[in-house]
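Asks: sharing a model that was predicted from the sequence below.
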Amino acid sequence: MSWVKEQSPEDKIIQEEIIKEGNLPRHIAVIMDGNGRWAIERGLTRTEGHQEGIESVRDIVKASSQIGIKYLTLYAFSIENWKRPITEVGVLMKLLEHYLRQELNELHENNVKLQSIGKSSSLPKVVQKLLHEANETTKDNTGLTLTLALSYSGRWDIVRAVQMIALDVRRGKVSPEDINEDLFSSYLQTTGMPYPDFLIRTSGEMRLSNFLLWEMAYGEMYITDKYWPEFRRNDLYDALINFMNRERRFGKTSAQVASEKDTKQKDTYLQRVVNAIKGK
Ligand code: FPP
């Protein structure tokens, strides 16, 4: 089913208004927190909380794709999550398996490229196989890149990158003098993706929880009190509007940023005039 066709007219208008404003993040990362609390507060089981969390995943993936976000990275299971009770880990792995089986066709039909980051060898064989299949099927898609962080942690990825660089130094492929930020990034699992410019975390917790530690150096953070299962597209729109109104300084002064913005606005204006003259 095409996601563009099933969209309601009202939702389309909201998205068009947001797109018109410009300045959308290129890469949104999400810490999906609060499935358990959402369920317990409603007298439900934690499993039901995770199930409802998947409904949020579906809606946020669709809305991100429709609005033209290029990269969406979801923290679905951290390395630390292996310490949860074995029954809950089992439930999460089953839900993941089910999600991959059920969604692959629809994601592919909607031009989504599905990939994962993390220590995939720790995942159940069946999940590894489904991830590989999803990766292969969607690798040439050009729409949203949806990355599932599974058995992932930021420190794990950094240490892994250091080990690989050290091996390449030993093999003579890299000399220590060549090691800089760009080279280091190219050894991370997120290589090839822009750094996240926006991170959303649900359920009010104000921490990174070992997610994309290197990559989030300059990413903007948005924390909402809503639990993940209740976070849907309208909440995403609020977050995007909040992002668009922020000033990203990257260490510069406000005045510098304002003057660059001015130039950019003039550039866009100029581009429009030039295009009009060209009759585009
Ligand atoms: C946090 O809630 C959520 C998780 C540890 C897992 C997130 C998983 C899903 C949304 C479902 C599977 C995902 C995909 C992509 C199919 P919590 O259990 O930590 O909640 P709590 O902090 O309230 O206990």
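Replies: That came through fine.
Asks: flag every residue of the stretch 1-150 of the chain that's near the ligand.
Replies: When proximity is defined as C-beta under 6 Å from any ligand atom, the stretch 1-150 of the chain approaches the ligand at 32-37, 50, 53-54, 57, 74, 76-77, 81, 95-96, 99, 148. Where C-beta positions appear, they are placed from N, C-alpha and C, glycine not excepted.
Asks: let me see the ranges of the strands in the stretch 101-250 of the chain.
Replies: Assigned strands in the stretch 101-250 of the chain, in chain order: 113-117, 145-152, 198-201, 220-223 (criterion: DSSP state E, counting those that start in this stretch).
Asks: how about the ones you listed in CSV, adding mean pLDDT and distance to residue 103?
Replies: Converted to CSV, these look like this (pLDDT from 0 to 100; distance: least, C-beta to C-beta, whole Å):
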stretch, mean pLDDT, distance to residue 103
strand 113-117, 98, 8
strand 145-152, 98, 10
strand 198-201, 98, 21
strand 220-223, 98, 25
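Asks: could those go into CSV alongside mean neighbour count?
Replies: As requested, those are arranged in CSV below (neighbours: other C-beta atoms under 10 Å):
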stretch, mean neighbour count
strand 113-117, 21
strand 145-152, 23
strand 198-201, 24
strand 220-223, 18
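Asks: among the ones you listed, which is nearest residue 257?
Replies: strand 220-223 (13.7 Å; C-beta to C-beta).
Asks: contacting residues around stretch 38-48?
Replies: The contact list for stretch 38-48, computed with C-beta atoms under 8 Å, 6 or more residues apart in numbering, reads 35, 36, 49, 50, 52, 53, 88, 91, 227, 228, 229, 230.
Asks: give me the buried entries from those residues.
Replies: Buried members of these, counted by 16 or more other C-beta atoms under 10 Å: 35, 36, 49, 50, 52, 53, 91, 227, 228, 229, 230.
Asks: residue of the stretch 51-200 of the chain nearest the ligand, please.
Replies: residue 53 (3.1 Å; C-beta to the nearest ligand atom).
Asks: among the buried ones among the contacts of stretch 38-48, which two are most distant?
Replies: Pairwise distances across these (C-beta to C-beta) peak at 20.0 Å, for the pair 91 and 230.
Asks: any idea of the pLDDT on the one residue in the chain that gets nearest to the ligand?
Replies: Nearest to the ligand, among the residues of the chain, is residue 36, at 2.5 Å (C-beta to the nearest ligand atom). Here the pLDDT value assigned to residue 36 is 98.
Asks: likewise for residue 265?
Replies: Note for residue 265: predicted pLDDT of 56.
Asks: do the same with residue 273
Replies: As summarised for this prediction, residue 273 has a pLDDT of 37.
Asks: give me the most central residue, the chain.
Replies: With the centre of the chain defined as its mean C-alpha position, the nearest residue by C-alpha atoms, centre = their mean is residue 73, 2.0 Å away.
Asks: partner residues bridging it?
Replies: In this structure, residue 73 has beta-bridge partners residue 29, residue 147, where bridges are defined by DSSP bridges.
Asks: quick check: pLDDT value at it.
Replies: Value for residue 73, per-residue pLDDT: 99.
Asks: the one 5 residues further on too?
Replies: Confidence at residue 78, expressed as pLDDT, is 98.
Asks: ok, now which ones touch it?
Replies: Contacts for residue 78 (C-beta under 8 Å, 6+ apart) come out as 149, 151, 152, 153, 209, 210, 211.
Asks: look up the closest residue to residue 120, ignoring the ones flanking it.
Replies: residue 128 (5.7 Å; C-beta to C-beta, 6 or more residues apart in numbering).
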